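Participant: next come a sequence and a model predicted from it.
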Amino acid sequence: MIATAKVQRSAARASSRVPRYVAIPTPLGEFRLYKLGDGSLRSTWNVDAPADPFLAGAKRDPDLRPGLVRALTRYFAGAGNVDFGEAETPGGTQFFRRCWDACRTIPHGQTRSYAWLAKRAGSGPKSARAAGQAMRCNPLPVIIPCHRVVASDGRLHGFAGCTSGAPLNLKRALLELEGAIPSLR
């Protein structure tokens, strides 16, 4: 009987470490919110999920973080300034966390430069590339609105580590959704 209880507890711990996700349909494709085994959150577009080893074997959980899912659904419906405060800033280096916190202060429908972000994170504007790396490593796109960070001259520059193609088009689409840039459609 004791051995059975130990096996059940071990199985429960193992299943709690399996990442869980909820899928959110958007005009830009399926967006997913994940809760990892350590309790931290991640968000990504469904097409990006298979490449991320942290998300391997994730199980669908429609009851995952309902308040945050409602906020994301409202955001993608164009509701304007949506509060994602329920999602805590993820773990990372002190500089990355300061960048992510600073990024969260950029108002809906506005953009800021990487130099602004570096300065706001307590570093100098010469740390703009480092701020760009923080945005590239952002585990909570949309919730931490890294798409609102652009080059100093206003050009769209980098999204998910890319400088062209589908990721940059996604950045453009999010900024269009917010009215930060004119729609090309």
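Facilitator: Ah, there it is.

Participant: pull the helix or strand with minimum mean pLDDT from the protein.
Facilitator: Sorting the helices and strands of the chain by mean pLDDT, DSSP states H and E puts helix 2-17 at the bottom, at a mean of 50.

Participant: residues near residue 91, how many?
Facilitator: Residue 91 has 10 neighbours, counted by other C-beta atoms under 10 Å. In this view, the C-beta of every residue, glycine as well, is placed from N, C-alpha and C.

Participant: that one against residue 40, yeah?
Facilitator: Yes. Between residue 91 and residue 40 there is a contact under C-beta atoms under 8 Å: 6.6 Å.

Participant: and after the least confident helix or strand of the chain, which helix or strand comes next?
Facilitator: Next in sequence after helix 2-17, counting helices and strands by DSSP states H and E, comes strand 20-24.

Participant: direction included, what does that next one pair against?
Facilitator: strand 31-35 (antiparallel), strand 59-60 (parallel) (DSSP bridges).

Participant: residue 109 is nearest to which of these?
Facilitator: Set against residue 109 and scored by C-beta to C-beta, the strands paired with strand 20-24 come closest in strand 31-35, at 19.2 Å.

Participant: parallel or antiparallel, list what pairs with the very next helix or strand once past that closest one.
Facilitator: Per DSSP H and E, the first helix or strand lying C-terminal to strand 31-35 is strand 41-45. Using DSSP bridges, the strands paired with strand 41-45 are strand 31-35 (antiparallel).

Participant: may I see the buried residues of the strand it pairs with?
Facilitator: Across strand 31-35, burial judged by 16 or more other C-beta atoms under 10 Å covers 31-35.

Participant: next, give me the two most distant ones among those.
Facilitator: For the buried residues of strand 31-35, the farthest-apart pair by C-beta to C-beta is 31 and 35; their separation is 14.6 Å.

Participant: so which residues of the chain form helices?
Facilitator: 2-17, 66-76, 94-103, 114-120, 128-136, 166-178 (DSSP state H).
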